[in-house]
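Peer 1: what's the 3D shape of this:
(chains A, B and C)
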Amino acid sequence: MSLFIERMVNGLADGSIYALLALALVVVFRSTGQLNFAQGEIGTFGAFVVSTLTLSGLPVWLSILLAMGVGFVVSAGVERVVVRPIEHRNPGAVIVALIGVFLAVNQLVSMIWGIDARPLPSIFPDEADSFVTVFGAPVRIARLGTIGVLIVVLVLLWLLFTKTKLGLAMRAVANNQDSSNLVGIRVGTVLLFGWGLAGAIGVLAAALLAPSAGLSGTLMLGPFLLASVAAVLGGLDSPIGAVVGGLLIGVTEAFIVGYVDFLGADMLFPVMLVILLAVLLLRPSGLFGSERVERV
Amino acid sequence: MNVPLRFTKGSWQNWAGRLVLFGGVGLFMYRAVNEWSRSGLGLLVDAMIIAIAVTGLNLITGYTGQLSLGHAAFFAIGAFTSATLVTGKIWTPFLDDNIWTPGWTLLASAVVCFLVGMVVGIPALRLKGIYLALVTLVFTEAVRAIFKYDEFSGVTGGATGIKGFNYLPPSWTGLDGRADLVTWFFYLTLAILVVVSILSAGLIRSRIGRAMVAVRDNETAAAVMGVNLFTTKTLVFGLSGAIAGVAGSLYALKLTLVEADVPLFGLFGSVTLLVALVVGGAAQNWGPFVGAMFYVFVNDYARSVGEDPSSSLLLGWFVDSGTTINGLGGVTFGVMLILFARFVPFGAVGTMRMWRSKVVQVVPRPPIPAAAAPEAGAAAPTLEQGHNDPDATTQPAASFGNADSSSLGDDEDAS
Amino acid sequence: MVKTKRLMALAAVGALTLAACGSDDDSSDSSASTDTEAPESTDAPESTDAPESTDAPDSTDAADTTDGGGSSDAVYVVDTEACDDPDAATAQIDALKIGTSLPLSGAPAAVFAPLAAGQQAYVEYFNAEFGGINDTPVEIVILDDEYAADKTKVNVDELVFDEEVTMLAGVVGTPNNIAVQPDLNAQCIPQLWSATGDKTLANIDEYPWTTGLLVPYAVEDRLWAEHMAEEFGEGSTVALFYVNTEFGLSYVDAFTELAAENGIDIIAEETVDVADNGAPSGQMTNLVQANPDAILAVPSGTQCSAFMTELGNAKAANPDFDPEVYMTATCANPLFFDVLVDNGGSDGVYTSSNAKFVLSPEYADDEAVQTFLDAMAAYAPDTNAGDQSAVAGWLSMELAIYAAQQAAEAGDYTRAGIVNAARNIDYTPSLLVDGMRTSMDANDAFFSEGTQLVQWSEDSKSFVAAGEVQDYNGSLGTYTP
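Peer 2: Numbers count the residues shown, from 1 in each chain, chains lettered A, B, ... in the order given. The predicted structure follows:
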């Protein structure tokens, strides 16, 4: 039993990172219909900023907030400078541009900070003995904290979308851009904000992952891929779906390593392929995604 | 005098234009094989191999509108098929030692990948746009994981891969073994690229090609009009996979090793193929070739800038010789991709076509007049101007057709 | 329309048939193997012609000056008849140009890039100090392969055909070296001092032009197995944690054999994917469950620190879990052990090293260490000189140039001469710890078979010796597949 709990918590903690990143992807997709390839790298960039800030003496929580601000600006900048002009001409070319951003940011990180890995302190107590015992299983505080952050972010997002004017505007734009424009919503600003928000969430995810994984240029490569799968699994336009998808993938990963001996950690993708196909063939828009109506 | 010049298809001007184009490329190839350094020629061969794979991708993504990030999987399957057969790891009844001649493994890869592609095409019936793209991406990584899997290492080599097989030039070419290996691959790859391009162009012009484009533009309408979605999608997925598989085989034979960790066999490969496709121009006959050349050579250029910034035009002002800036090559390439997507959004070939069509247009030959046929020119413009209604596409994120290319009338292949 | 289709189909079949007609020869096995002769006498007949050499044929190295050390004194001479181009293998060298390929970018670069700095530093130091060989400066060309074996192959092609290097030295990576081994041997180009400990690099019969540099992984395994047998006696249990690549498997295969011999039971095996940078929490939970006496860890690059962090957490959370941990020498980097792992997980971890830890105070007056540090400061100031990878790079070039010098002195300054010099080398660089002898000859294809068990100490934030220097010189003989 305690082993099960331990694996479960680890899976949920990893899954929370994927869920956060998937949330960011969903926010972007809802507003612009694009998959932001560079989401993970902007997160990595932000995590390095956190590292620099903490090394210069700032407390961790403040560094993370400031870095989230940087992520917000960078991401919004990408939307305005890269995505918007290209989308007017050919939406199909946006993905290439985003891949370009991915590459540029990834290499920019090594340009500014070099190729050495570096440590990153965690917001949560992260000593070797910072754990609590739950039903006999040692559970690290940092991992519980990660899950907690996910919940907090979810709540904040829910408040944003349902209780604020800005959130209402975002929902309107996600639903129908032209109508929103006609109603007087500043679509451009809303889009900027949406992308910026996604960037900030991405940085948060990276900052939560880095303390245990070690901060290096490849930090978010794997998680980004898994988060994309999570977003698709849950439905690209559903925040709930993103979270469910992310947690599901995290737990699956933990359970494969833990309980399926003959497969091992490397066989995660074949298992995910099966799960993905099973879900999507039944519900082609993801678990919680909305059906697309195609006009003829 | 803003009216663009019009030439009918098949006229001498049309043929002259084609001659210039093919002649130019031919001259380029001739000079390459005779004058370039071995590593430069190797790069060119790599570019052509990628071009072959992208030709396959073009069929399913460019023309049929099914966004596939899984073609690196076919590439890998083709590569591993060749490697396994050439080293005799799979029992073959009619061969004593189970060892295949490398050339025949190309055919084997095509067949295997065709079958796998058809199977992959089945989910495409239910999934659209980014959903399909992600599933194919997971498929790519899953295939890679399977190749690495220990239990299969008798056939796939597991984590170690398969190494040390050789493909020396056949004696009838008069080439001398290892030293001329790249030259042999150059001719072989060029021949296969030409054949594959001709086949692809032919396919596009056929009924199936029209069905493909119909599926891309509006699936429901196509189905209503009688296009068999199942056949079209699975068949085209199969064909495109087969072509990518042949490219993979060539790659394996040239490299004389395969292992699951080769970057082109995974996510990186799928992304490379897609970028090459869009940059060259989706749904264009020359798109894959141009795109692959761009990708390989610009990447190499960016890398050399990264290794020696002082010798580049722009940075030479700021940077002294001997300093290296980490990651500069990657940043350069990324920025170039962004600029390209911004200013040449329909791909090199697509955009060139747009510009060219302002100056020159090739119109279909007028039909032989029956009793009182209208003048040729009057009927032609509506056909070849292209249906050109970008808002009519219903798949915003996955629309790869560009303004001109999807029109059914614009079907000359020479530019 | 139909006609064109038929033509196209014919063309397709034609193209495939053309391709199929290719290479009935040699489709499977790698290139022609060169035969070797290992004469028992200590005279050294020259099997290669040395044009213009004025000296009488000499033995290429001082294989007969020192005796004993566990290896016989059989002199090795390479055969150049089966080369693609025997003349190139025996042509006199004017200027020595050394090529190498290693990861300078991408994830593994954090671990391996300092190697390049060490290589560069040595060559520049050598040219500055000694003016080169025969008064001609030595040139070095370093290319980046991002640890991908296919890129290594492309790089080697470029080095051989475009840069026209005399030899390769210090190429990094097990799969990378294995990938280029057949071609280089067929072309008779020396591939010396490859930065890997994989034993297939010592295949003197099939691939005589290739030698390794690092302590063979089998030797490391032996060090640990014997230490474990000492500590725990019969029936001790071990769990394996390794990266799922040729590099990791190399350790595991060798250790499995040794475990049987030393009465050790392997009770668990956990793998991690080479691209996985996260914390291996799932694998660690399994290891805790198995609760072995010891863990053999072979992670790759930055996974070293992630593993040790998890280890520290697991030890704190599970008081019963306190295994000895033996970790691959490629992780023996103070940067990983000190800065990156801050929770005590690295305390007491065993690893091995055959080189001096250059920043350690006990070598403050050591001449070789000083030379190294000065050169690094002068020629590679951006690299942390305490990074043991830099030492490995330095050694690869030192040995390469040493072999070339020996060949020149013997009057056989050719590629074949260099390989002969290397294969009969009896020279222990002073950056290696005292107490071991490094040599090779016709029956000993492994260079550095001596090493020492060291342990990381949190108190002193450094590696301290945990045993005597073990000199297994000659013990592994040669490798035959």
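Peer 1: so where does residue C:237 fall, helix or strand?
Peer 2: In this structure, residue C:237 sits in strand C:236-243 according to DSSP states H and E.
Peer 1: any idea which helix or strand comes after that strand?
Peer 2: Later in the chain than strand C:236-243, the nearest helix or strand by DSSP H and E is helix C:246-262.
Peer 1: any idea of the angle that next one forms with strand C:236-243?
Peer 2: 170 degrees (axes from the mean of the first three to the mean of the last three Cα atoms, to 10 degrees).
Peer 1: now check helix C:246-262, is it near chain A?
Peer 2: No - for helix C:246-262, no contact with chain A is found by Cβ under 8 Å from any Cβ of the partner chain; the gap never falls below 11.6 Å. Where you see a C-beta, it was placed from the backbone N, CA and C, and this is true even at glycine.
Peer 1: What helices and strands are in contact with that helix?
Peer 2: Contacts defined by 3 or more Cβ pairs under 8 Å, 6 or more residues apart in numbering or on different chains; DSSP states H and E place helix C:246-262 against helix C:174-186, helix C:217-232, strand C:236-243, strand C:264-272, strand C:294-298.
Peer 1: which of the residues in it are buried?
Peer 2: For helix C:246-262, the neighbour count (16 or more other Cβ atoms under 10 Å in any protein chain shown) marks C:246-252, C:254-255, C:258-259, C:262 as buried.
Peer 1: Rebuild the residues you listed as TSV, extending it with pLDDT.
Peer 2: Shown next, in TSV, are the buried residues of helix C:246-262 (pLDDT from 0 to 100):
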residue	pLDDT
C:246	85
C:247	88
C:248	90
C:249	90
C:250	89
C:251	92
C:252	93
C:254	91
C:255	93
C:258	90
C:259	89
C:262	86
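Peer 1: Can you tell me which of these is nearest chain A?
Peer 2: The closest of the buried residues of helix C:246-262 to chain A turns out to be residue C:248 (Cβ to the nearest Cβ; 11.6 Å).
Peer 1: wait, isn't the closest one in contact with residue C:300?
Peer 2: Yes - using Cβ atoms under 8 Å, residue C:248 is in contact with residue C:300, at 7.3 Å.
Peer 1: Quick check: closest non-adjacent residue to residue 138.
Peer 2: Using chain A here. residue C:317 (3.4 Å; Cβ to Cβ, 6 or more residues apart in numbering or on different chains).
Peer 1: The chain in question should be chain B.
Peer 2: Ranked by Cβ to Cβ, 6+ apart and with sequence neighbours excluded, the top spatial neighbour of residue B:138 is residue A:273, at 4.9 Å.
Peer 1: For the one you found, the count of nearby residues, please.
Peer 2: By the criterion of other Cβ atoms under 10 Å in any protein chain shown, residue A:273 has 22 neighbours.
Peer 1: now the one 4 residues further on
Peer 2: For residue A:277, the count of nearby residues is 17 (other Cβ under 10 Å).
Peer 1: on that earlier part again, does any part of the strand holding residue C:237 sit near chain A?
Peer 2: No - judged by Cβ under 8 Å from any Cβ, strand C:236-243 and chain A are separated, with a smallest distance of 10.2 Å.
Peer 1: before we move on, what about stretch C:437-456?
Peer 2: No - in terms of Cβ under 8 Å from any Cβ, no part of stretch C:437-456 sits within range of chain A; the closest distance is 15.4 Å.
Peer 1: I'd like the mean pLDDT over that stretch, please.
Peer 2: Mean pLDDT, computed over stretch C:437-456, is 89.
Peer 1: Work out the gap between it and the centre of the chain.
Peer 2: Using Cα atoms, centre = their mean, to the nearest Å, the distance from the centre of stretch C:437-456 to the centre of the chain it belongs to is 12 Å.
Peer 1: so where's chain A uncertain?
Peer 2: Regions of chain A meeting the criterion pLDDT under 70 cover residues A:292-296.
Peer 1: Please name the bridge partners of residue C:143.
Peer 2: For residue C:143, the beta-bridge partners under DSSP bridges are residue C:101.
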